[in-house]
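>>> Structural data only, the sequence is not supplied:
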């Protein structure tokens, strides 16, 4: 089952972090040869259009490490520019033809300040 992690992104900014994925015993997942897909939609399970695809880059796949980058300016045109808007995302690992969900949760889009 995918881990749950809420993300908060400003409309006029970006969000980035490094993630390390482990198994149930705390050992690093070997993501060697994997591709990653992170999509954002209005709601989980929605068949509607993908609002954006986030950038996911391998840092050290043998140690389960990836870098995640979400560009909030891509979502700046969504309705409610002065409101907090809750979207849904998931991050999937594609390895040897198998899609494995690694991460899921709300992507909370906040108004920018500066």
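Perfect, I can see it now. The structure presented is a predicted model; accordingly, all values stated were derived computationally and were not measured. Numbering: from 1, shown residues only.
>>> Tell me where the longest strand sits in the protein.
For the chain, the strand with the greatest residue count under DSSP state E is strand 98-110.
>>> average model confidence for that one?
For strand 98-110, the mean pLDDT works out to 94.
>>> please renumber so the chain begins at 19
Okay, using 19 as the starting number, the last item reads as strand 116-128.
>>> So in that sheet, which strands flank it, and in what orientation?
Strand 116-128 sits in its sheet next to strand 21-22 (parallel), strand 25-28 (parallel), strand 103-113 (antiparallel), going by DSSP bridges.
>>> So which of the ones you listed is nearest residue 49?
Among the strands paired with strand 116-128, the nearest to residue 49 by Cβ to Cβ is strand 103-113 (6.2 Å). For glycine as for every other residue, the C-beta is placed from the backbone atoms N, C-alpha and C.
>>> which of the residues in the closest one are buried?
Judged by neighbour count using 16 or more other Cβ atoms under 10 Å, the buried positions of strand 103-113 are 103, 105-111, 113.
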